[in-house]
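S.K.: Next one to model:
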Amino acid sequence: MKKMSPWLNAFLIAVLVMTWGVTWPISKVALTDCPPILLSGFRSLGAGILLFIFSLNRLDKLHFRENWKMYFLSALFNSVLFYGLQTIGLLFVPAGLFSAIVYLQPVLIGIIAWLWIGEAMTALKLTGLLLGFTGVATISLGGLSAHISAVGIILGILTSLSWAVGTVYMKRISVKVDGIWLIAIQSIFGGLIMTGTGSGVEGLSAIAWSTSLLLTLFFLALFSVAIAWLIYFHLISTGNASKIASFNFLVPLISILIGILFLDEPFTYSLLAGLFLIIASIYLVNRKTLVLTKTTRRNLHAHK
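M.R.: Residues are numbered from 1 along each chain as shown. Here you go, the predicted model:
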């Protein structure tokens, strides 16, 4: 597998984190004109259609007959369950608490990738992942006083688990499928299910159509789903899943900072504390550690 340039890797991670960071506040504004299930459906379906059109000259890479099960499973975990459970869960618990639970994802990825595909797991990495989750929780739960629903907590955990399983599965099949077709099909599949569900539950009449809403939906489809997921697929397929996922801890931090700067949301000391915890987490997870293999140990003993 070709190794990425560290600079390109850092740039792609920065683009991904910033894109998903602005997605939360932009979606929050869009929800005033479009109900949540339809909003998720439109952005996913729109992304799938854009990628499908872009991929028409890559039909030779689709191999649908051989790979349809992999396309379906990736769509199930990364689109249908992830977006669907997330949308429903937000109806039961405050957004801050729910985002904290969802960003248990990097911790789950570290454990699942270790058990399923044999990625290295050290005490230092696990400590870093748990520290990052603590940082996200510190930021997201600052000032929380609302009633906590057990149903909402369960839905949050299931959302995080589906995203984690979907990410590791995506890495596992990345050498067998074309990334662009994978993201296109999972986006279309999930988008159709959510748009259909939203049309029945929420109703198309609940949408307040406007130029600003159309531009917002286009941004969410193109950048937040299509481009962001392609970058995510590339990073996960060419790197260590848990290390790449550790940078996801920055997403809620960026979302809250944007809310403070542009939506008049308050600055809290929990934000500052969470920032330090997240930075420490990313450092620990990505810190290079010496792993002594049997050959290395023999060479060390031979030089003594």
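S.K.: For the stretch 151-300 of the chain, which segments count as helices?
M.R.: Using DSSP state H, counting those that start in this stretch, the helices of the stretch 151-300 of the chain run over 179-201, 211-219, 228-238, 241-246, 250-262, 269-286, 294-302.
S.K.: contacting residues around the host helix or strand of Val29?
M.R.: In this structure, Val29 sits in helix 6-30 according to DSSP states H and E. Contacts to helix 6-30, defined as Cβ atoms under 8 Å, 6 or more residues apart in numbering, come from residues 4, 39, 95, 99, 213, 216-217, 219-220, 223-224, 227-228, 231-232, 234-235, 239, 244, 247-248, 250-255, 257-259, 262-263. (Each C-beta comes from the backbone N, C-alpha and C, glycine too.)
S.K.: before we move on, what about stretch 75-94?
M.R.: Applying Cβ under 8 Å, 6+ apart, the set of residues contacting stretch 75-94 from outside is 36-37, 40, 44, 98, 102, 144, 146, 148-149, 151-153, 155-156, 158-159, 162-163, 165-167, 169-170, 185-187, 189-191, 193-194, 197, 229.
S.K.: ok, 6 Å please
M.R.: The contact list for stretch 75-94, computed with Cβ atoms under 6 Å, 6 or more residues apart in numbering, reads 36-37, 40, 98, 146, 149, 151-152, 155-156, 158-159, 162-163, 165-166, 186, 189-190, 193.
S.K.: pLDDT (mean, whole number) over it?
M.R.: Per-residue pLDDT over stretch 75-94 has a mean of 86.
S.K.: and what of stretch 162-178?
M.R.: 95.
S.K.: buried ones in it?
M.R.: For stretch 162-178, the buried set under the neighbour-count rule, 16 or more other Cβ atoms under 10 Å, comprises 162-174, 177-178.
S.K.: where's Leu8 relative to Leu253, distance?
M.R.: 23 Å (Cβ to Cβ, to the nearest Å).
S.K.: now Leu91
M.R.: From Leu91 to Leu253 the distance is 24 Å (Cβ to Cβ).
S.K.: likewise Asp33?
M.R.: In this view, Asp33 and Leu253 are 27 Å apart by Cβ to Cβ.
S.K.: Would you mind telling me which of the two has more residues around it?
M.R.: A count of neighbours by other Cβ atoms under 10 Å puts Leu253 above the other of Asp33 and Leu253, at 21 against 17.
S.K.: just the helices in the stretch 1-150 of the chain please.
M.R.: Secondary structure of the stretch 1-150 of the chain (DSSP H, counting those that start in this stretch): helices at 6-30, 36-54, 64-75, 82-89, 95-102, 105-116, 123-140, 150-173.
S.K.: and the ones you listed, which one is worst for confidence?
M.R.: Comparing mean pLDDT across the helices of the stretch 1-150 of the chain, the lowest value falls on helix 95-102: a mean of 75.
S.K.: tilt between it and helix 250-262?
M.R.: Orientation of helix 95-102 against helix 250-262 (axes from the mean of the first three to the mean of the last three Cα atoms, to 10 degrees) gives an angle of 160 degrees.
S.K.: mind listing what's buried in helix 95-102?
M.R.: In helix 95-102, counting by 16+ other Cβ under 10 Å, buried: 96-102.
S.K.: Check stretch 266-273 too.
M.R.: Judged by neighbour count (16+ other Cβ under 10 Å), stretch 266-273 contains these buried residues: 270-271.
S.K.: Next: stretch 255-269.
M.R.: Across stretch 255-269, burial judged by 16+ other Cβ under 10 Å covers 255-259.
S.K.: what do you get for stretch 87-96?
M.R.: Counting neighbours by 16+ other Cβ under 10 Å, one finds that the buried residues in stretch 87-96 are 87-90, 92-94, 96.
S.K.: List just the nearest of the residues you listed to Ser205.
M.R.: Thr87 (18.9 Å; Cβ to Cβ).
S.K.: Pull up the gap between the closest one and Tyr283, please.
M.R.: 34 Å.
S.K.: how close does Asn286 get to Asn240?
M.R.: Relative to Asn240, Asn286 is positioned 9 Å away (Cβ to Cβ).
S.K.: Compare the two and say which is more crowded by neighbours.
M.R.: Between Asn286 and Asn240, Asn240 has the larger neighbour count (other Cβ under 10 Å), namely 19 against 15.
S.K.: Leaving out chain neighbours, which residue sits closest to that one?
M.R.: In space, and not counting its chain neighbours, Asn240 is closest to Glu119: 6.0 Å by Cβ to Cβ, 6 or more residues apart in numbering.
S.K.: hang on, isn't that neighbour packed against Ala113?
M.R.: Yes: the pair Glu119 / Ala113 is scored as a contact, 4.1 Å apart, by Cβ atoms under 6 Å.
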